[in-house]
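> okay, here's the prediction I keep looking at, along with the sequence it came from:
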Amino acid sequence: MPALAIALTESFADWETALLAATARTELGFTLVTATPGGAPVTSMGGLRVTPDAAVESLDPARFDGLVICGGMIWASEAAPDFGGTIRAFAASGKLVAGICAATLAIARAGVLNGAAHTSNEPGLLEKAGSAYDGQARYRHTPAAVRDGMIVTAAGTAPVSFMAEILAALGCGNAELDEYVAMFAAEHAPPAATSPESP
């Protein structure tokens with residue numbers, strides 16, 4: 001079964017990778033490894049305390065099918081960790097690299113978004129990556145996740161399509177996954193028109 005490394009930081013955004021982790025592990029039998037900077041415990045924005053399985057810096061792409069980086073406010077701050085070496089190693093190995101919300105900044109800083117279609121919370125956010133990022137022409141302003149080969153990016157408001165694009169990239173896309181995504185999307189569908197009651 002596929003193996004995914006999910007990278008978390010202090011004050012990570014709980015909801016952004018939760019559906020992916022639960023679906024991949026419980027429904028599809030994926031092996032999931034949580035990793036943090038230095039392998040230190042972290043606490044999410046919602047107060048969830050996580051003791052990781054590994055340090056991000058020690059992740060070996062040969063052991064995984066992909067690296068997923070969870071968002072959080074730390075990525076736009078001076079306290080942002082440098083995952084560049086790990087991100088580049090996964091990308092160079094042809095493995096999935098995925099980032100949601102401000103974690104797209106980590107991928108931009110690693111130079112991996114320059115050659116791939118991608119999205120984020122907003123175009124201006126990725127400018128914080130400085131000279132490492134010159135992929136503006138490939139930016140897609142869309143509310144849903146964007147997949148280009150083995151690169152998946154999403155705004156923080158798109159955890160469902162983020163999950164779906166990751167699973168599709170790993171060969172798990174099918175009609176059942178489409179139905180699963182549609183189930184979550186139903187909440188955001190316009191209400192059905194109702195006819196007035198007959199007298």
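Arrived safely.

> hey, where'd the helices end up in the protein?
Listed in chain order, the helices of the chain (DSSP state H) span 15-22, 84-92, 104-109, 123-126, 159-169, 175-185.

> okay, these in CSV with mean neighbour count and distance to residue 151 next?
The C-beta positions use only the backbone N, C-alpha and C, and glycine is treated the same way. Formatted as CSV, the helices of the chain follow (neighbours: other C-beta atoms under 10 Å; distance: least, C-beta to C-beta, whole Å):
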stretch, mean neighbour count, distance to residue 151
helix 15-22, 20, 16
helix 84-92, 19, 7
helix 104-109, 27, 8
helix 123-126, 16, 13
helix 159-169, 24, 9
helix 175-185, 13, 19
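
> would you single out the least confident of the ones you listed?
Note on those: lowest mean pLDDT is at helix 175-185, with a mean of 89.

> list of residues touching that one?
19, 23, 160-161, 163-164, 167-168 (C-beta atoms under 8 Å, 6 or more residues apart in numbering).

> any idea how far stretch 88-103 is from the middle of the chain?
9 Å (C-alpha atoms, centre = their mean, to the nearest Å).

> what of stretch 24-36?
Stretch 24-36 sits 14 Å away from the centroid of its parent chain (C-alpha atoms, centre = their mean).

> go on, stretch 46-59?
Worked out by C-alpha atoms, centre = their mean, stretch 46-59 lies 16 Å from the chain centre.

> give me the mean pLDDT for that stretch.
On average, stretch 46-59 scores 98.

> residue boundaries of the strands in the protein?
Here the chain has its strands, by DSSP state E, at 3-7, 31-36, 42-43, 49-50, 54-55, 66-69, 96-100, 146-148, 151-154.

> helices and strands around the last one, which ones?
Which is strand 151-154. When contacts are defined as 3 or more C-beta pairs under 8 Å, 6 or more residues apart in numbering; DSSP states H and E, strand 151-154 sits against strand 96-100, helix 104-109, strand 146-148, helix 159-169.

> just give me how far that strand sits from the chain centre.
For strand 151-154, the distance to the chain centre is 6 Å (C-alpha atoms, centre = their mean).

> circling back to that earlier point, in TSV: the strands of the chain, plus mean neighbour count and distance to residue 182.
Shown next, in TSV, are those (neighbours: other C-beta under 10 Å; distance: least, C-beta to C-beta, whole Å):
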stretch	mean neighbour count	distance to residue 182
strand 3-7	23	23
strand 31-36	19	25
strand 42-43	16	33
strand 49-50	12	31
strand 54-55	16	35
strand 66-69	27	23
strand 96-100	29	20
strand 146-148	21	18
strand 151-154	29	18
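
> make TSV from those strands and add distance to residue 14 to it.
What follows is the strands of the chain, written out as TSV (distance: least, C-beta to C-beta, whole Å):
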stretch	distance to residue 14
strand 3-7	12
strand 31-36	13
strand 42-43	10
strand 49-50	10
strand 54-55	20
strand 66-69	14
strand 96-100	12
strand 146-148	22
strand 151-154	15
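
> turn the helices of the chain into TSV, columns for distance to residue 3.
Shown next, in TSV, are these (distance: least, C-beta to C-beta, whole Å):
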stretch	distance to residue 3
helix 15-22	13
helix 84-92	12
helix 104-109	20
helix 123-126	28
helix 159-169	13
helix 175-185	19
